[in-house]
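Q: Provided below are the primary sequence and the corresponding predicted coordinates.
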Number of protein chains: 2
Amino acid sequence: MRQDDQLLSPRQKQARQTRKELLEAGLDVFLENGFQKSTISQIIKKANKGYGTAYVYFQNKDELLIELMEHVMNRFYDVAELPFQPETKQEAYERIEHQVRLFLKLAVQEREMLKVMKEAIGLSEAVKEKWVEIRERFIRRITEDITYSQHKGLAKSALDAAYIARAWFYANEMFMWDLVENEDLSLDHAAHHLTMLYTGGLYE
Amino acid sequence: MRQDDQLLSPRQKQARQTRKELLEAGLDVFLENGFQKSTISQIIKKANKGYGTAYVYFQNKDELLIELMEHVMNRFYDVAELPFQPETKQEAYERIEHQVRLFLKLAVQEREMLKVMKEAIGLSEAVKEKWVEIRERFIRRITEDITYSQHKGLAKSALDAAYIARAWFYANEMFMWDLVENEDLSLDHAAHHLTMLYTGGLYE
């Protein structure tokens, strides 16, 4: 995805650096104050940039948060994209449980950022739309995995892969938000039960 | 729950009437303007009450919405409380699909109010807390049904009923919000797939 730095003009390198510094300052400000109490001015000040310069990159705090959200969610997406070519129901179970566990562990690691995201989804229409877009991307990826298992004769072919993928992602997403806010919930227990319910229901 | 009207003093009858009129005015105002744009003053004015009187009943619009939310969610809760004593996996499947269908149908019927609730959950900490409380009530009720089926030898006894209930409610809740916002989604298709996944995963 990232262009080779060698190919960039000094001006492009400078632009990339400015953008990076604004994002880093934004992350600090959001983590410290939450979304609602943060302002784009605080972020620009923290990054030590001029207003005119900063506004070229981000029109408002929503845009900046959306970019930070993409960065974080790409780490989750890497988990969703792990190779999935099970040969047996047992192998499918193991891979899926492994994925769920990694997914929920990432949520705990990124707890503070996810709290900010959750708050922002409730407050900003643009952030909410971005979240819906991210969610649909996950659901499409899961739909592919289900279709694969159906073609292999492992998963029930009478089920609509897209609807099952949606129900499955929703259950995972909600446990993710739960784990972010509630430190008492057992991650391993959640991963096990989610996977049992899903593979038991979906696989032959 | 409701005291017999005969036993109320005229003063108590008056109080009940005032409360009812404020709630009705609140519902109208919320449905027309959404949560954020509504104010308690608009509601008081619409109900044609004095400020001093109204504030005895509701301190702010959040409190008023919370009471309206309880009324609506009691209708959903009636569905969750339908008798559940299946003798076979097939019977369990049929009852559960029936419940899910009724639950999602209610959501569509109450679409406009649910949109207001969704908006308010994102904006008000008090409303959000109330929603979490309502959700936990549903999860407890589902946990009881699962435990019943486990004792009957119908559902897998190795599964933790509380975790399965949580995953199951989450999937239903998210489809509920989806149906409220997205008129293209098929309610029957959703109810069928949710139930297939759940009973397939949970039942022996």
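A: Arrived safely. Every value quoted in this text rests on a predicted model; they were computed, and no experiment measured them.

Q: now do the helix or strand A:E119 falls within, average pLDDT.
A: Assessed by DSSP states H and E, A:E119 sits inside helix A:111-123. Average pLDDT, helix A:111-123: 94.

Q: next SSE after it?
A: Proceeding N to C from helix A:111-123, the next assigned helix or strand is helix A:125-151, under DSSP H and E.

Q: which other helices and strands contact the strand or helix carrying A:K13?
A: Assigned by DSSP H and E, A:K13 belongs to helix A:10-33. Helices and strands touching helix A:10-33, by 3 or more CB pairs under 8 Å, 6 or more residues apart in numbering or on different chains; DSSP states H and E, are helix A:40-47, helix A:51-57, helix A:61-80, helix A:111-123. (Each C-beta comes from the backbone N, C-alpha and C, glycine too.)

Q: dump the ones you listed to TSV, plus distance to chain B and mean neighbour count.
A: Conversion of these to TSV gives the following (distance: least, CB to the nearest CB, whole Å; neighbours: other CB atoms under 10 Å in any protein chain shown):
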stretch	distance to chain B	mean neighbour count
helix A:40-47	21	18
helix A:51-57	27	14
helix A:61-80	14	18
helix A:111-123	3	19
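
Q: got the contact list for A:A190?
A: Each residue near A:A190 by CB atoms under 8 Å, 6 or more residues apart in numbering or on different chains is listed here: A:V100, A:L104, A:F175, A:D178, A:L179, B:Y163.

Q: poorly predicted segments of chain A, please.
A: Scanning chain A with the threshold set as pLDDT under 70 gives A:1-5.

Q: 90 instead, please
A: The model of chain A has pLDDT under 90 over residues A:1-8, A:11, A:122-123, A:182-185, A:204.

Q: nearest to the spatial middle of it, which residue is it?
A: Residue closest to the average C-alpha location in chain A (CA atoms, centre = their mean): A:M73, at 2.5 Å.

Q: quick check: which element contains the nearest residue to A:V79 once chain neighbours are set aside?
A: Excluding the flanking residues, the one nearest A:V79 by CB to CB, 6 or more residues apart in numbering or on different chains is A:L102, at 4.6 Å. Assessed by DSSP H and E, A:L102 sits inside helix A:89-109.

Q: which helices and strands sit right next to that helix?
A: Partner elements for helix A:89-109 (3+ CB pairs under 8 Å, 6+ apart): helix A:61-80, helix A:161-181, helix A:187-202.

Q: identify whichever of those helices lies nearest to A:Q150.
A: In terms of CB to CB, the element of these nearest to A:Q150 is helix A:161-181, at 6.5 Å.

Q: figure out how far that closest one is from the centre of its chain.
A: 12 Å (CA atoms, centre = their mean, to the nearest Å).

Q: what are the buried residues along that helix?
A: By 16 or more other CB atoms under 10 Å in any protein chain shown, the buried positions in helix A:161-181 come out as A:161, A:163-180.

Q: who's in contact with A:I66?
A: For A:I66, the contacting residues are A:A126, A:V127, A:K130, by CB under 8 Å, 6+ apart.

Q: equivalent analysis for A:E112, please.
A: A:L31.

Q: measure it to B:L31 for me?
A: Look at A:E112 and B:L31: by CB to CB, to the nearest Å, they are 37 Å apart.

Q: and A:I40, by the same measure?
A: Per CB to CB, A:I40 is found 34 Å from B:L31.

Q: show me the domain layout of chain A.
A: Domain assignment for chain A by automatic domain parsing gives A:5-59, A:63-202.

Q: identify the residues contacting the closest residue to A:M174 other than its chain neighbours.
A: Counting by CB to CB, 6+ apart, A:M174 lies nearest to B:Y170, which is 3.7 Å off, once chain neighbours are set aside. Listed by CB under 8 Å, 6+ apart, the contact partners of B:Y170 are A:Y170, A:A171, A:E173, A:M174, A:F175.

Q: kindly reformat the residues you listed as JSON lines and extend each row with distance to A:L64.
A: Shown next, in JSON lines, are the contacts of B:Y170 (distance: CB to CB, whole Å):
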{"residue": "A:Y170", "distance to A:L64": "28"}
{"residue": "A:A171", "distance to A:L64": "31"}
{"residue": "A:E173", "distance to A:L64": "23"}
{"residue": "A:M174", "distance to A:L64": "27"}
{"residue": "A:F175", "distance to A:L64": "28"}
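
Q: ok, of those, which one's closest to B:E87?
A: Of all the contacts of B:Y170, A:A171 has the smallest distance to B:E87: 27.8 Å, by CB to CB.

Q: spatially nearest residue to that closest one (excluding sequence neighbours)?
A: Spatial nearest neighbour of A:A171, excluding adjacent residues (CB to CB, 6+ apart): B:A167 at 4.5 Å.

Q: what does A:D178 give?
A: Of all residues not flanking A:D178 in the chain, A:L185 sits nearest, at 5.6 Å (CB to CB, 6+ apart).

Q: check A:E21 too.
A: Nearest one to A:E21, counting by CB to CB, 6+ apart, is A:A47 at 4.8 Å.

Q: ok, that neighbour to A:V72 distance?
A: 19 Å.

Q: what are the buried residues along stretch A:130-149?
A: A:K130, A:W131, A:I134, A:R135, A:F138, A:I139, A:I142, A:T143, A:D145, A:I146, A:Y148, A:S149.

Q: tell me the contacts of the last one?
A: What that stands for is A:S149. Contacts of A:S149 by CB under 8 Å, 6+ apart are A:P86, A:A92, A:A155, A:L202, A:Y203.

Q: now do the same contact list for the second one.
A: The neighbourhood of A:A92, defined by CB under 8 Å, 6+ apart, consists of A:P86, A:S149, A:L154, A:A155, A:T199, A:Y203.

Q: 7 Å instead, please
A: Residues in contact with A:A92 (CB atoms under 7 Å, 6 or more residues apart in numbering or on different chains) are A:P86, A:S149, A:L154, A:T199, A:Y203.

Q: and which of the residues you listed is nearest B:G122?
A: Nearest to B:G122 among these is A:T199, at 33.2 Å by CB to CB.

Q: pretty sure that closest one is touching A:Y93, no?
A: Yes: contact criterion CB atoms under 7 Å: A:T199 and A:Y93 qualify, at 4.7 Å.
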